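Chemist: dropping a prediction and its sequence here:
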Amino acid sequence: MDPHAASAAGGIHRRLDRWLGGLENAAAVVAGGLMLVMMVLASADAILRYSLNSPIRIQAYLTENYLMLAVAVLPMAWGFRTGGYIRLNMLEPVLPRAAYVVLLRAGLLVSSAFTALMCGTGWMRFREAYEANEVHMGVIDWPVAWSWVWVPIGSGLLAARLALMAFGPAAQVNNTPESLETAAS
């Protein structure tokens, strides 16, 4: 590959990384805000339940079926990008660096494909529930679709992050804290 093409590809990768990083940061901030809402709702519910015998009736359902799911899936890509996952590096010391990078890239691509499948399945479930106007009846008729909307958003971001890392520079493929420091400098 000629140096100009490699430089252009690196520039495109950096722009995509920056753009995707912004989306991941926004999703993580939304998840953090929703976690704060969950904590306030749960605390207010407990205080009202035990002091005035008047619980917030929607709190448990809203928290369990909407907020917890969003808090779990929205920051997945941000967590992966920042190295917040469990790693098993048994092969790194025994494989040549080039073979190890190829193996990591293959793993990232397979993981990206699986996560993209999860995104597609979540989107289809959201769309089905939305088009059928599916609800869970209770104190409030809860629209089922909006509990599913978080799955395609969070898993789509993660699939994009995994694919971007798979095609990125070799120094960023193994995103351990050490390699992230090396890539930043």
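Modeler: It's in. Numbers count the residues shown, from 1 in each chain.

Chemist: what is whichever helix or strand A160 is part of packed up against?
Modeler: According to DSSP states H and E, A160 maps onto helix 150-166. In this structure, helix 150-166 makes packing contacts with helix 3-51, helix 68-73, helix 76-81, helix 97-131, helix 170-173, judged by 3 or more CB pairs under 8 Å, 6 or more residues apart in numbering; DSSP states H and E. C-beta coordinates here come from the backbone N, C-alpha and C atoms, glycine included.

Chemist: where's S54 relative to L48, distance?
Modeler: Computed with CB to CB, to the nearest Å, the distance linking S54 and L48 is 5 Å.

Chemist: more crowded one of these two?
Modeler: Neighbour count, other CB atoms under 10 Å: between S54 and L48, L48 has more, with 14 against 10.

Chemist: which ones are touching the more buried one?
Modeler: S54, P55, I56 (CB atoms under 8 Å, 6 or more residues apart in numbering).

Chemist: try it again at 10 Å.
Modeler: By CB atoms under 10 Å, 6 or more residues apart in numbering, the residues touching L48 are S54, P55, I56, Q59.

Chemist: can you list which of those residues are found in helices?
Modeler: Among the contacts of L48, the members falling in helices are Q59 (criterion: DSSP state H).

Chemist: rewinding a little: tell me the most buried of the helices and strands packed on helix 150-166?
Modeler: Burial of those is given as mean neighbour count (mean count of other CB atoms under 10 Å); helix 76-81 ranks first at a mean of 22.

Chemist: quick one: mean pLDDT over it.
Modeler: Mean pLDDT, computed over helix 76-81, is 94.

Chemist: for that helix, give me every contacting residue.
Modeler: The contact list for helix 76-81, computed with CB under 10 Å, 6+ apart, reads 17, 20-21, 23-29, 31, 75, 84-85, 108, 111, 115, 153-162, 164-165, 172, 175, 180.

Chemist: now tell me which helix or strand of the chain has the poorest mean pLDDT.
Modeler: When the helices and strands of the chain are compared on mean pLDDT, DSSP states H and E, helix 177-184 comes out lowest with a mean of 51.

Chemist: overlap in contacts of S54 and L48?
Modeler: Contacts common to S54 and L48, judged by CB under 10 Å, 6+ apart, are absent.

Chemist: pLDDT value on the closest residue to Y100 other than its chain neighbours, please?
Modeler: Closest residue to Y100 in three dimensions, ignoring its sequence neighbours and counting by CB to CB, 6 or more residues apart in numbering: E92, at 5.6 Å. Looking at E92, its pLDDT is 81.

Chemist: from memory E92 sits against V173, does it?
Modeler: No: with contact defined as CB atoms under 10 Å, E92 does not reach V173; the gap is 11.4 Å.

Chemist: right, I'll leave it there.
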